[in-house]
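J.: predicted model and sequence below, questions to follow.
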Amino acid sequence: MSLFSYQSGIPTGLPASLVPQVKTDILTSDISLPSTLLALSLLLELAPSVTFPEVEYDPLNNIYNATHPALISGLALESLFRFCAALVQADNQIATRIVPNLIISAEKAQKAEMSPANVAKCVTQLVKSDHGELQNMGST
């Protein structure tokens, strides 16, 4: 397929070329964090089958690290919640892998810079967005 063929309103090659490039923008000290997360969210919403493998393969580890710093607030935190929701919507089984990884990432973080509330809010967003496995885990 050509880069200019469209699937779900975006060029089919866009996720594969854009996601690796924005990985470096997923830093808590980077002012572009909210726009990067929103762009990834939109790609996940518009073309989940093409975008999800790209996001899961590369920038997801950076996103784990972006969830726990106390510096993340306001628009950046809201963008992170939207990303979490879009990720779960793109692959309904990812939430069961993300929640433990978020907690592990937070446990490895420097305690002085870590915000347990941010991690808890991300986990809450994941559970709210998930319509299956995580909600069933609590009832067993």
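T.: Noted; the coordinates are in hand. Residues are numbered from 1 along each chain as shown.

J.: which parts of the chain are strands?
T.: 6-7, 10-11 (DSSP state E).

J.: and those strands, which one's lowest on average pLDDT?
T.: Ranked by mean pLDDT, the strands of the chain bottom out at strand 6-7, with a mean of 48.

J.: show me the shaky parts of the chain.
T.: The chain contains residues with pLDDT under 70 at 1-8, 27-30, 131-140.

J.: so in it, which helix runs the longest?
T.: helix 74-90 (DSSP state H).

J.: show me what counts as buried in stretch 65-75.
T.: 65-69, 72 (16 or more other CB atoms under 10 Å). For glycine as for every other residue, the C-beta is placed from the backbone atoms N, C-alpha and C.

J.: adding distance to residue 99, write these out as CSV.
T.: Converted to CSV, these look like this (distance: CB to CB, whole Å):
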residue, distance to residue 99
65, 15
66, 16
67, 11
68, 13
69, 18
72, 18
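
J.: and of those, the nearest to residue 112?
T.: residue 69 (10.5 Å; CB to CB).

J.: residues in a beta bridge with the closest one, which ones?
T.: Counting by DSSP bridges, residue 69 forms beta bridges with residue 114.
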